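Trainee: I'll drop the sequence and a predicted model, then ask my questions.
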Amino acid sequence: MSKTDYLPSGFIQPLQDYVRECPSPSTALLDEMGLCLAVPSVSAERFCELLDAAWAQAPASALGIRLGLATQPGHFGVVGYMVSYCGTLGQALARYYRYQRLLQQSLVSRAELKDGVLHMRWNQAVAKTPLATEFSLAAFINLCQALIGRAVTPVRAGLPFAKPADASVYPALLGCPVDFDCAAIELAIPEHLLALPISSKDPYLLRLLEQQAQGLLQQLPEGEESRAGSAFQRVQEQILESMKNGDVSAVAVASALGYSLRTFYRELRAAGYSYRGLLAHTRHTLARQYLADPALAQTDVALLLGYSEQSSFIRAFRSWTGMTPGEYRSHLTPGAHGMPGKQR
């Protein structure tokens, strides 16, 4: 089994939760999982080993399915956050397929619409144990359910291993017929689900995260995506750089990019943005990330975002979310790897 493939470490969270709830949980295993969660990614081989270790702690039928159904969009890393800000499930799946190599570099998938049904199939060259394939299938179904806020009843599902003795558990958990000995992980869902809206959609945040995903994809070896950064990406990167200097005015950012202020505004308008809106959304996105870090005081967060006064940050944050930074922090669950609810 190759050691070159990696998965988002957030996928370990359901495993750790499962082990923690066992009658006699292994402290060493929990600590090991905690170390893996402290970094952005984990090798696919290690993930499979941790799945096996979780099963050894408390064997259960279709455990990979059960654990996959406990995932949250945030466990999928930047891809999970990005698809959460799309407008419909169809748009989300289109981006999911485009950036799937950020989830597993060796992931190979195909999708086809036929007779009102979306047929999907994918292979995992590294994370291909029965438990890992179960987890992958169930996590994908649960992602779709989380995005549209309702249960997804597949037409059918398939798994690439021999039919187990307890095969009746699988359709009971997934709500559809499940075939075994398939050539790949398979899933079919009704086409009409693709038009369902995603309540957490946000075009600005989607653009921010898609740029981040594009940058990450370009860093992968042998990647097919290699286009030059757009004007949007240059502005975003300069805003982040200017925050370090404490001056995120349009004049400062335009000057750093080599534009006159008038040309800068004209370029943004042509791309469908306003500087004020872009800056606010960038700050909002970063503020929520920073506030989730208990090591950062509110004054630190304000400075990191380029505010000279904490009061200005508090007023801005209240305008974005309807609550103060302190109130927002009080709503966060310590140690959670999922996304906080979208604040209005």
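Mentor: Nice, thanks for sending it over. Keep in mind the model is a prediction, meaning the values are calculated, not measured.
Trainee: please count neighbours and contacts with C-alpha atoms only from this point.
Mentor: Fine.
Trainee: where do the strands of the stretch 151-300 of the chain begin and end?
Mentor: Along the stretch 151-300 of the chain, the stretches classed as strands by DSSP state E, counting those that start in this stretch are 156-158, 178-179, 185-190.
Trainee: quick one: closest of those strands to L196.
Mentor: Among the strands of the stretch 151-300 of the chain, the nearest to L196 by CA to CA is strand 185-190 (11.3 Å).
Trainee: D5: neighbour count?
Mentor: 21 (other CA atoms under 10 Å).
Trainee: quick check, pLDDT for it.
Mentor: What the model reports for D5 is a pLDDT of 82.
Trainee: quick one, what contacts it?
Mentor: 43-45, 104-106, 126 (CA atoms under 8 Å, 6 or more residues apart in numbering).
Trainee: neighbour-wise, which one of those leads?
Mentor: Counting neighbours by other CA under 10 Å, A44 comes out on top of the contacts of D5 with 26 neighbours.
Trainee: how about the nearest residue to that one, chain neighbours excluded?
Mentor: Counting by CA to CA, 6 or more residues apart in numbering, Y6 is the residue found nearest to A44 once chain neighbours are left out, at 5.0 Å.
Trainee: what is the neighbour count of the one you found?
Mentor: Y6 sits with 22 neighbouring residues when counted by other CA under 10 Å.
Trainee: reformat the strands of the stretch 151-300 of the chain as CSV; add mean neighbour count and distance to S308.
Mentor: Written out in CSV, the entries for the strands of the stretch 151-300 of the chain read as follows (neighbours: other CA atoms under 10 Å; distance: least, CA to CA, whole Å):
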stretch, mean neighbour count, distance to S308
strand 156-158, 21, 55
strand 178-179, 20, 58
strand 185-190, 21, 51
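Trainee: gap between Q298 and H331?
Mentor: Taking CA to CA, to the nearest Å as the measure, Q298 and H331 are separated by 15 Å.
Trainee: tell me which of the two has more neighbours.
Mentor: The residue with the greater number of neighbours, taking Q298 and H331 and applying other CA under 10 Å, is Q298; the counts read 19 against 10.
Trainee: quick check: phi and psi at Q72.
Mentor: Its backbone dihedrals place Q72 at phi -130, psi 160, with angles given as degrees, to the nearest 10.
Trainee: hmm, I typed the wrong one, I wanted L118.
Mentor: When read as degrees, to the nearest 10, the backbone of L118 gives phi -90, psi 110.
Trainee: that one contacts L93, doesn't it?
Mentor: No: the pair L118 and L93 does not pass the contact test of CA atoms under 8 Å, sitting 10.9 Å apart.
Trainee: ok, P25 touching D17?
Mentor: No: applying CA under 8 Å as the test, P25 and D17 come out as separate, 10.3 Å apart.
Trainee: in the sheet, who's paired with T88?
Mentor: Using DSSP bridges, the bridge partners assigned to T88 are P197.
Trainee: what residues does whichever helix in the chain runs longest touch?
Mentor: The helix spanning the most residues in the chain, taking DSSP state H as the definition, is helix 130-148. Here helix 130-148 makes contact (CA under 8 Å, 6+ apart) with 48, 51-52, 62-73, 83-84, 88-89, 124, 127, 151-152, 159-161, 174, 185-187, 196-200.
Trainee: same check, this time on stretch 18-33
Mentor: Contact with stretch 18-33 is made by 12, 16, 50, 53-54, 57-58, 67, as judged by CA under 8 Å, 6+ apart.
Trainee: now do that stretch: distance from first to last residue.
Mentor: Across its full length, stretch 18-33 reaches 11 Å between end residues, using CA to CA.
Trainee: what residues sit buried inside it?
Mentor: Buried residues in stretch 18-33, counting neighbours by 16 or more other CA atoms under 10 Å, are found at 18-20, 25, 29-30, 33.
Trainee: CSV for these, including secondary structure, pLDDT and distance to L205?
Mentor: Putting the buried residues of stretch 18-33 into CSV (DSSP: H, G, I helix; E, B strand; the rest coil; pLDDT from 0 to 100; distance: CA to CA, whole Å) gives the following:
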residue, secondary structure, pLDDT, distance to L205
Y18, helix, 97, 32
V19, helix, 97, 35
R20, helix, 96, 34
P25, coil, 94, 39
L29, helix, 97, 36
L30, helix, 96, 34
M33, helix, 96, 30
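Trainee: the residues you listed: which two are farthest apart?
Mentor: Farthest-apart pair in the buried residues of stretch 18-33 is P25 and M33; separation 12.3 Å (CA to CA).
Trainee: OK, contacts around the spatially most central residue of the chain?
Mentor: Against the mean C-alpha coordinate of the chain, by CA atoms, centre = their mean, the closest residue is G80 at 2.0 Å. Applying CA under 8 Å, 6+ apart, one finds that G80 lies in contact with 73-74.
Trainee: ok, P190 next?
Mentor: P190 sits in contact with 116-118, 154-155, where contact means CA under 8 Å, 6+ apart.
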